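Chemist: quick one: sequence plus predicted model below, questions after.
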Amino acid sequence: MAPTATPMSLSAESNAKLAAVAVLVSIAVLCDLPEVCVLLGLVTFATMSNQQKKDAREWLDTKTSHRSTAIVGSLGATGLAAVLAVLFVLLAASLSTQLAVIGLSALSYMALYEFGKLEKKSIRSSCQASIGATGLSAWKNRPAAVQLTGDERFCSAAEVPSSPVTGLDREVDQLLKTYSATRLDDATALKFAKLARKCILPIVPEAEITCVANGNLELIGASGSKPEIEMVLTVDPIILAERLKAYFLKGQSRIQKSVDTLQPDLLQKTATKVLSERLTFVKFWRSQFSGPEPMIVLLIPVELGLFKHAIRLNFSVNTPYSLRLAKVLSKEHARTCKLMTVVNSWTRERCVANTSKGQPHAYAWGLMVIYFMRHSSVSQVATEMTNVELFKEFISFYDAWFHGQESPVSLRFTSSVVPSERAACGAPFIEDPFDSCTDVGESMTAEGIERVREELSRANRILVQEGAMLSELLERWAPPSTPTSP
């Protein structure tokens, strides 16, 4: 086997630089300027140490041992420190005690500096080694393993199962890992929020831009699906209208807009269109302006360099439900949040959370989970049930409710009075905990309620079967094909 070349601790160019520094140090000593000696020594150490670490890093690309990484990575700095130590000792012995003290202080600083870097590298390597390859649910096609980096895993000892989990429970646990955002996902969303502020704040400086990651971006992207981030711009409608009016009058918009489009009933849609044009780091994907929450879906390309998968960015203006859902998830009990995640995944795959089709919003489904956990028969024993058992009870509870076998026609979290017309039209009144006068289920129509009934019955039928599979439960819904006329 051919010998492997290792990085030299001191190259020819480094020796030349060191000789020059030695000459300057000697001149400084003769002129009785010990401070200059120390300054030149530290500058030389910092410069040459960086170069040696680059050479060592190239050599280490073919190595796998963390111990070899720590030792070889410090060869350049160690060799340089040894040379400087000899130089200082010789000069101090022949000249003065003051120079010896200064040299010893400088060498102590360099030694502590290198020790701190090696300790951080050792901790980082051990953390990365402890993060194993994670699996994704069997109902999603993806590579056999995805190597996670950073602090992707945050799990308390109480959440670690004492015995292996199999079947549907295992698949649901993997689903929760996939659609539970981590701190790394929150940090990625924050980066996109900063980019958006640079684009939008020059037009609407009062705007507040918030980004929320919908799940584990890395795992979702590795599965072949596009991870999603919700971006919501919040600003007072009166201020928004004034800012957009000034923007139109300057003629800076690529699309000619009339001031008439800034009327209260059109302002939200107009602002969503105009301000999405200002996001120069994204590509247009599609738009959804039907329903109570107009939205434009944009695509963040891989070429931007901030994430290794393309990300869908759901951009909207003054739509509070997405932010309130994220806030509810951060405040509720862990079991409730897990059930919310499973329910939202089910409603997304089966297409029963589309407000433009008269169906409940994802936030409405989240409130339905909270109501179920507080008022159903499982409220006292929820902590003893698995995630699958809770989901089965949730489906059974609302399947009976939507089919008229239960008396409640409203979901209330306060003592406010429910409008009587909601019971007459058959749609449930879902009270918003952040605003008791708001009905989160106001977008529901008779057609949307019928779709919800169909999916609840289907899920209930699948879950009671022996050996139920998550792939069948979350099979992507497709609208029935229209028969062609002969």
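Modeler: Yep, it's here.
Chemist: pLDDT weak spots in this structure?
Modeler: Per-residue confidence for the chain (pLDDT under 70) gives these ranges: 1-166, 252-256, 405-409, 416-426, 481-486.
Chemist: what does the domain assignment say about it?
Modeler: Taking automatic domain parsing as the domain assignment, the ranges for the chain are 13-130, 183-319, 332-473.
Chemist: just the strands in this protein please.
Modeler: Across the chain, reading from the start of the chain, the strands by DSSP state E fall at 208-213, 228-234, 283-288, 295-300, 311-317, 410-411, 429-432, 435-439.
Chemist: in its sheet, what does the second one sit against?
Modeler: Using DSSP bridges, the strands paired with strand 228-234 in its sheet are strand 208-213 (antiparallel), strand 311-317 (parallel).
Chemist: that older thread, of all the strands of the chain, which one comes closest to S377?
Modeler: Between S377 and the strands of the chain, the shortest separation by Cβ to Cβ is 16.4 Å, and it involves strand 410-411. For the C-beta atoms, the positions are set from N, CA and C on the backbone; glycine is no exception.
Chemist: output the contacting helices and strands for the closest one.
Modeler: For strand 410-411, the elements it packs on are helix 362-375, strand 429-432, judged by 3 or more Cβ pairs under 8 Å, 6 or more residues apart in numbering; DSSP states H and E.
Chemist: deepest of the strands of the chain, which one?
Modeler: Per-stretch averages of neighbours, counted by mean count of other Cβ atoms under 10 Å, single out strand 311-317 among these, with a mean of 23.
Chemist: then that strand to PDB, C-alphas only?
Modeler: These are the backbone C-alpha positions of strand 311-317, laid out as PDB (Å, rounded to 0.1, in the frame of the first residue of the first chain):
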ATOM      1  CA  ILE A 311     -38.900  24.200   0.100                       C
ATOM      2  CA  ARG A 312     -42.500  25.400  -0.500                       C
ATOM      3  CA  LEU A 313     -43.200  28.700   1.100                       C
ATOM      4  CA  ASN A 314     -46.900  29.400   1.900                       C
ATOM      5  CA  PHE A 315     -47.100  33.200   1.800                       C
ATOM      6  CA  SER A 316     -50.100  35.000   3.200                       C
ATOM      7  CA  VAL A 317     -51.100  38.400   4.700                       C
END
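Chemist: turn the helices and strands packed on strand 410-411 into CSV, including distance to A334.
Modeler: Supplementary listing: the helices and strands packed on strand 410-411 in CSV, determined by distance: least, Cβ to Cβ, whole Å:
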stretch, distance to A334
helix 362-375, 11
strand 429-432, 23
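Chemist: which residues of the stretch 201-350 of the chain fall in helices?
Modeler: Secondary structure of the stretch 201-350 of the chain (DSSP state H, counting those that start in this stretch): helices at 217-222, 237-250, 264-277, 321-331, 334-349.
Chemist: and those helices, which is most packed in?
Modeler: Most buried of those by mean neighbour count (mean count of other Cβ under 10 Å) is helix 217-222; its value is a mean of 23.
Chemist: tell me how far A246 lies from L262.
Modeler: Between A246 and L262 the computed distance is 11 Å (Cβ to Cβ, to the nearest Å).
Chemist: same deal with I311?
Modeler: Here I311 is placed at a distance of 31 Å from L262 (Cβ to Cβ).
Chemist: same check on S376?
Modeler: 46 Å.
Chemist: related to what we said a few turns ago, nearest to K392, of the strands of the chain?
Modeler: Shortest separation from K392 across these is recorded for strand 410-411, at 20.1 Å, computed as Cβ to Cβ.
Chemist: any idea how far H361 is from the closest residue to T178 other than its chain neighbours?
Modeler: Excluding its sequence neighbours, the residue lying closest to T178 (Cβ to Cβ, 6 or more residues apart in numbering) is L219, at 4.7 Å. With the distance defined as Cβ to Cβ, L219 ends up 25 Å from H361.
Chemist: with T178 instead?
Modeler: Counting by Cβ to Cβ, the gap between T178 and H361 amounts to 22 Å.
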